[in-house]
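J.: Quick one, fold the following:
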Amino acid sequence: LFLQCFSLSLQDGRQRKERKKTVSFSSMPTEKKISRVSDCISAMVDGSELKKVRSNSRVYHRYFLLDADMQSLRWEPTKKESEKAKIDVKSIKEVRTGKNTDTFRTNGTYDQISEDCAFSIIFGENYESLDLVANTADVANIWVTGLRYLISYGKHTLNMIESSQNNLRSSWLSDLFDEEDVNHNRQIAICTAVQLIKKLNPGLKNVKIELKFKELHKAQDKSGSDVTKDEFAEVFHDLCTRPEIYFLFVQFSSNKEFLDTKDLMIFLEAEQGMAQVSEDTSLEVIHKYEPSKEGQLKGWLSLDGFSNYLMSSECHIFDPEHKSVCQDMNQPLSHYYINASHNTYLIEDQFRGPSDVTGYIRALKMGCRCVELDVWDGSDNEPVIYTGHTMTSQIVFHSVIDVINKYAFVASEFPLILCLENHCSVKQQKVMFQHLKKILGDRIHIDPPKLEECYLPSPSELKGKILLKGKKLDTNCTASEGEVTDEDEGAEMSQRMSIESAEQQTNAHKKIPLLKDLSDLVTLCKSVEFNDFPTSFQNQKPWELCSFNEVFATRCACDFPGDFVNYNKKFLARVYPSPMRIDSSNMNPQDFWKCGCQIVAMNYQTPGLMMDLNIGWFRQNGNCGYVLRPAIMREQVSYFSANTKDSVPGVSPQLLHIKIISGQNFPKPKGSGAKGDVVDPYVYVEIHGIPADCAEQRTKTVHQNGDNPLFDESFEFQINLPELTMVRFVVLDDDYIGDEFIGQYTIPFECLQPGFRHVPLQSLTGEVLPHTLLFVHVAMTNRRGGGKPHKRGLSVRKGKRSREYTSMRVLQIKDVDEVFKTALLPLREATDLRENMQVRRITESDFWVLLKTLAPCEN
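T.: Next up, the predicted model:
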């Protein structure tokens, strides 16, 4: 079966690849876009296949259609007489969305029915229900929207539509058209019309707009290329109206083609989680986003104004409160995660890559607060920076210090740590000291720590200061007794690769004395060697910092997870990548953040998942480079193990509900020119955090649609430690050879805004992709907004062990995944049956033990 499915998948993949090579805009699917009530009515008259659900677990496939006179709803085939297999529109009392009738609740297939595809028609004097399931959420929306309008306006529905929506949109578009029609010819050039629509919707491609006008002219047998006002309005309607926003719009418009101030108030409060909403709030939104003059005067928000609002920065998924510093910055320095860079001077790999000052500029501009300087003796008595024992190029020490002085506090005012890996002779250490004092001057923090202090100063107390991290002479120690550094990654790398002789390796470990003047510049970040946790708890001072190799830190996290967390409550710990990461690949920072490690040094020059996590994580506090760690990792009385796979004691779990609705303007992946302009996108939602929270889900693939693919898929995740959780959205292009990256966005859980939000996707290297968006809906436990009561009232029973269901590994082979996906439900039911039987046995057993204990012996 597997081999057959694999063969079919390859055939399907090849066919799809061939289609991608030849597809053009003219061969794109020509389904009618639903974006107004008249479209819904027209689709209902044409008819749809719907599933008719009965309470006895039976489901019937029927074809439903609306009579042309809009008086009756019919279905076929049926055993009834044709006149009885219908419902008069006048008898319909309500159209209810979701699985909200007794028929749905008692049906055996309840869990298999999508909430978004189900709806019920309540009709007749006895309030009977006709319970239906559409094949897609779009089809369900068509019927719900059309029927609700018919209930409200009857046969006058279409007349009502013409007198409201078309007036608002038509008057606005008419004004725009007239401004361009300077000669009053009632026509404008096609290039002008294209640019005007492009201005209204910047994400559209010029060639697509122009092609739409040409198709319209061809359908009308029109010879000229100029565009009339009606043609302009029609093309705008087809290209710029998003069906998913339209269906959302009509849910709140009280069967009108606009939102008044009360409708908008309900949406802002219930969905977007806005507090203290008033009609004045609604009016502010209307005046800001409604394009028509009539709408602004009457306090109405049209579909175009509603779309403008949802596309604005106000509906960004990232909470704007986190765009500036919003956390307590008066805690000890060890209570924060600190944005850190590894071998900052490198811009490529660790062994042969070039060194450049731009590495420091890039890192500091991105909010990095800990940079590394690997300093060695250079020519002409000038120290240089590079990775020793390797073929990386060199840069002069003083030029790096100049750059650091210029950019140190451009992105953040909070302290900058310079990790000084000193390999210089005493002679060149004197030069280093002179450059540091001359260039950085008073910015260097030189006040020695007070011996009686149990904690480090706070970031607020150290604003504008530069801290040097390095070796330090003990009291009364002479220069000849000190040692410059205990870290030499280049030597270890060279030794592992066996490219140096035994004599060179011996010289690499030769101790070099430390200059006292340079030692005195190290105050709050004294480098010390780590032995073990008991020794550190007893002897280490708060201002002493240990650096952990990635491999050793991983071993500590696995073998002593609780001790590692408790160690980091008081002391700073720096983790740097293994020297064997010659390609400058990155470790997963979450592996060490969950242990409380404050400084996890990343290779900034290497994009990918790990840097996405690092960049996303430090956005949450104004990108200042400092993020306050969770309380459970700061409080001395609390206990937390880094490897916990269950709920965290003292922390209330939360339920996160994410619906991926649609995408906008997905570009083709770089390097995929042979496949044409069309992509087959799908979306991954990834949860990164402690082991108990890590999860991922993916949507279906939408074939040959990168402009406005509709996904309409919902996912739920239990989050046990929200403060350490990140959500990552990844969009990929489905291809049988290997799925290609389109874009991603990573956001901390605490920064999510509830409700309907747009997610701005970023490229592999972190740049924002212009006009490339995901449209999503977000709901969270104990957070305002998110919509329906059953979503807003999400609850997770604290401490309850969740059932572990059998899961299927996604192979990325469509046909195979689809075959085995059908086995998930039976396996889930089997697990439930087994667990329920075990619970029942335990309950009955405990009952009889209790009864025997309490009851008299004679009874």
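J.: Count the neighbours of residue 321 for me.
T.: Number of residues near residue 321 (other Cβ atoms under 10 Å) recorded here: 11. Using the backbone N, CA and C atoms, a C-beta is placed for each residue, glycine as well.
J.: Next, give phi and psi for it.
T.: phi -60, psi -30 (degrees, to the nearest 10).
J.: ditto for residue 782
T.: With angles defined as degrees, to the nearest 10, residue 782 sits at phi 60, psi 30.
J.: quick one: contacts for it?
T.: For residue 782, the contact set (Cβ atoms under 8 Å, 6 or more residues apart in numbering) comprises 652, 654.
J.: same thing but 7 Å
T.: Contacts here follow Cβ atoms under 7 Å, 6 or more residues apart in numbering; on that basis residue 782 touches residue 654.
J.: If I look at it, what pLDDT would I see?
T.: Note for residue 782: predicted pLDDT of 75.
J.: Check the gap between it and residue 316 for me.
T.: Note on residue 782: its distance to residue 316, by Cβ to Cβ, to the nearest Å, is 22 Å.
J.: What of residue 174?
T.: Counting by Cβ to Cβ, the gap from residue 174 to residue 316 is 32 Å.
J.: Equivalent analysis for residue 42, please.
T.: Separation of residue 42 from residue 316 (Cβ to Cβ): 35 Å.
J.: try residue 695
T.: On the measure of Cβ to Cβ, residue 695 and residue 316 end up 24 Å apart.
J.: same thing with residue 359?
T.: Counting by Cβ to Cβ - residue 359 and residue 316 are separated by 30 Å.
J.: before we move on, what about residue 730?
T.: Applying Cβ to Cβ, the value for residue 730 to residue 316 is 18 Å.
J.: the more surrounded of those two?
T.: Set side by side, residue 730 and residue 316 show more neighbours around residue 730, with 21 against 16, by other Cβ under 10 Å.
J.: isn't that one right next to residue 746, touching?
T.: No. With contact defined as Cβ atoms under 7 Å, residue 730 does not count as touching residue 746 (9.0 Å).
J.: Show me the strands in the stretch 51-200 of the chain, by range?
T.: With DSSP state E, counting those that start in this stretch as the criterion, the stretch 51-200 of the chain has strands at 59-66, 72-76, 86-88, 92-97, 118-123, 128-134, 187-188.
J.: and the angle from the fifth one to strand 59-66?
T.: Just to be clear, that refers to strand 118-123. 60 degrees (axes from the mean of the first three to the mean of the last three Cα atoms, to 10 degrees).
J.: Repeat that for the second one.
T.: Relative orientation of strand 72-76 and strand 59-66, computed by the same axes, to 10 degrees: 140 degrees.
J.: just checking, what packs against strand 72-76?
T.: Packed against strand 72-76, as judged by 3 or more Cβ pairs under 7 Å, 6 or more residues apart in numbering; DSSP states H and E, are the following elements: strand 59-66, strand 86-88.
J.: The fifth one now?
T.: Packing partners of strand 118-123 (3+ Cβ pairs under 7 Å, 6+ apart): strand 92-97, strand 128-134, helix 137-153.
J.: Averaged pLDDT, the shortest one. What do you get?
T.: I take that to be strand 92-97. 93.
J.: next one: stretch 471-491
T.: Per-residue scores along stretch 471-491 average to 60.
J.: got it, and stretch 316-332?
T.: 96.
J.: Now the terminal residues of it, how far apart.
T.: 33 Å (Cα to Cα, to the nearest Å).
J.: sorry, back to before: I'd like the strands of the stretch 51-200 of the chain laid out as a markdown table, including mean neighbour count and distance to residue 757.
T.: Formatted as a markdown table, those follow (neighbours: other Cβ atoms under 10 Å; distance: least, Cβ to Cβ, whole Å):
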| stretch | mean neighbour count | distance to residue 757 |
| --- | --- | --- |
| strand 59-66 | 16 | 34 |
| strand 72-76 | 18 | 36 |
| strand 86-88 | 16 | 38 |
| strand 92-97 | 16 | 21 |
| strand 118-123 | 22 | 25 |
| strand 128-134 | 21 | 25 |
| strand 187-188 | 21 | 36 |
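J.: what about the residue nearest to residue 726 when sequence neighbours are not counted, distance to residue 316?
T.: The shortest distance from residue 726 to any non-neighbouring residue, by Cβ to Cβ, 6 or more residues apart in numbering, is to residue 688 (4.6 Å). Residue 688 sits 21 Å away from residue 316, going by Cβ to Cβ.
J.: now swap in residue 522 and tell me
T.: Going from residue 522 to residue 316 by Cβ to Cβ gives 42 Å.
J.: mind checking which helix or strand of this structure has the lowest mean pLDDT?
T.: helix 789-792 (a mean of 39; mean pLDDT, DSSP states H and E).
J.: neighbours around residue 662, how many?
T.: 21.
J.: I'd guessed it sits against residue 707; true?
T.: No. Contact criterion Cβ under 7 Å: residue 662 and residue 707 do not qualify, at 10.2 Å.
J.: give the contact list for the closest residue to residue 60 other than its chain neighbours.
T.: Using Cβ to Cβ, 6+ apart and skipping residues adjacent in sequence, the residue nearest residue 60 is residue 52, 4.4 Å away. By Cβ under 7 Å, 6+ apart, the contact set of residue 52 is 60, 62, 132.
J.: ok, so of these, who is nearest residue 326?
T.: Relative to residue 326, the closest of these is residue 132; by Cβ to Cβ it sits at 47.0 Å.
J.: Report the spatially nearest residue to that closest one, omitting neighbours in sequence.
T.: residue 50 (4.6 Å).
J.: Next, the buried residues of the helix or strand harbouring the one you found.
T.: Per DSSP states H and E, residue 50 falls inside strand 48-53. Residues of strand 48-53 classed as buried: 48, 50-53 (neighbour count, 16 or more other Cβ atoms under 10 Å).
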